[in-house]
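# I'll drop the sequence and a predicted model, then ask my questions.
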Amino acid sequence: MKRLLGISAIVICLMFVGMNVSAGMGKKSAPALQTAAESGAAGHNTEGMKHYEKGHWKKAHEHFMEAVKADSKSAEAHYNLALTLDNMGDHKAAIQHFQDAYDLGKDNPDIQNSGILKAHLKMK
């Protein structure tokens, strides 16, 4: 019985460690997109992308918010903010930024053909 309890404790610990490791690795739904170099959003967007890739949602969110403030017409900044909000569980806000990205990014096939964007906007 003691051996069984010991094995169970080890399994539970390994599961806990595995969950923490995968959370820190940054599950992401889709890759973030680069803004145009001449966009006022470029600096914050680049920093946000670095944090997004690492799964640092809060820092990515801060930078993408600043990117949107710097260039509210940047479809890519709205798209990246939407991806981050989705990963943070704020789906209502994500929908608004996906809609903004879709409306502003008519010439960006990465945005127009994004599966996650289409899912949030309930498009086919």
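Received, thanks.
# neighbouring contacts of whichever helix or strand residue 94 is part of?
Using DSSP states H and E, residue 94 sits in helix 91-104. If you take C-beta atoms under 8 Å, 6 or more residues apart in numbering as the criterion, helix 91-104 is touched by 68, 73-76, 78-79, 81-83, 85-86, 111-112, 116-117, 120-121. The way it works is simple: take the backbone N, C-alpha and C, and place the C-beta from them, glycine included.
# list the buried residues in that helix.
Using 16 or more other C-beta atoms under 10 Å as the test for burial, helix 91-104 gives 93, 94, 95, 97, 98, 100, 101, 102, 104.
# need those in TSV (columns: pLDDT and distance to residue 58).
Below are the buried residues of helix 91-104 laid out as TSV (pLDDT from 0 to 100; distance: C-beta to C-beta, whole Å):
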residue	pLDDT	distance to residue 58
93	98	14
94	98	15
95	98	20
97	98	16
98	98	20
100	98	21
101	98	21
102	98	25
104	98	25
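# of those, closest to residue 44?
residue 97 (14.7 Å; C-beta to C-beta).
# neighbours of residue 84, how many?
Neighbour count for residue 84, taken as other C-beta atoms under 10 Å: 29.
# name the SS class of it, please.
Classification of residue 84 using DSSP: H, G, I helix; E, B strand; the rest coil returns helix.
# for residue 106, which non-adjacent residue is spatially closest?
With C-beta to C-beta, 6 or more residues apart in numbering as the measure, residue 112 is the residue that lies nearest to residue 106, at 7.0 Å, once sequence neighbours are left out.
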